[in-house]
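[1] what follows is a predicted protein model with its sequence.
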Amino acid sequence: MENYQKISREDFMKFFRDTDKLNELTPDDRAEIFRTILLGSSDLTVDLLNEILGDYSVDNLEVIELINGKK
């Protein structure tokens with residue numbers, strides 16, 4: 001493992017909320033963070049996914065919940 005400086009939660013959140021710092025990340029960096037930041041499947045809800053689609057102005061997709069393989 002590479003040597004790296006340990007950062008606190010506060011430092012991470014400060015970085016995350018700083019648009020100039022976020023602009024230093026590559027699209028691949030952003031996709032990696034986006035795909036790995038949640039803890040598990042229970043974090044992925046219909047409401048959250050639809051909210052994200054709305055935040056990104058994705059109007060042609062909608063997430064629906066299937067119960068026993070049916071809407």
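    Okay, I see it.

[2] just give the number of residues close to the spatially closest residue to residue 65 that is not a sequence neighbour.
    Nearest non-adjacent residue to residue 65, counting by Cβ to Cβ, 6 or more residues apart in numbering: residue 46, 4.7 Å away. Heads up, the C-betas are built off the backbone N, CA and C, glycines and all. The local packing of residue 46 (other Cβ atoms under 10 Å) involves 12 other residues.

[3] so, low pLDDT: which residues of this structure?
    1, 69-71 (pLDDT under 70).

[4] gap between the residue nearest to residue 65 and residue 37?
    According to Cβ to Cβ, to the nearest Å, residue 46 and residue 37 sit 19 Å apart.

[5] surely the residue nearest to residue 65 and residue 64 touch.
    Yes - distance between residue 46 and residue 64: 7.0 Å, which falls inside the contact criterion (Cβ atoms under 8 Å).

[6] take stretch 30-42, keep the C-alpha atoms, and write them as CSV.
    Extracted in CSV, the C-alpha atoms of stretch 30-42 (Å, rounded to 0.1, in the frame of the first residue of the first chain):
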residue,chain,number,x,y,z
ARG,A,30,-15.6,10.6,-9.7
ALA,A,31,-17.2,7.4,-11.0
GLU,A,32,-15.1,5.3,-8.7
ILE,A,33,-16.2,7.3,-5.7
PHE,A,34,-19.8,7.3,-6.8
ARG,A,35,-19.9,3.5,-7.2
THR,A,36,-18.1,2.7,-3.9
ILE,A,37,-19.2,5.3,-1.3
LEU,A,38,-22.4,3.7,-0.1
LEU,A,39,-22.2,0.9,2.5
GLY,A,40,-24.3,-1.7,0.9
SER,A,41,-27.5,-2.7,-0.9
SER,A,42,-29.7,-1.3,1.8
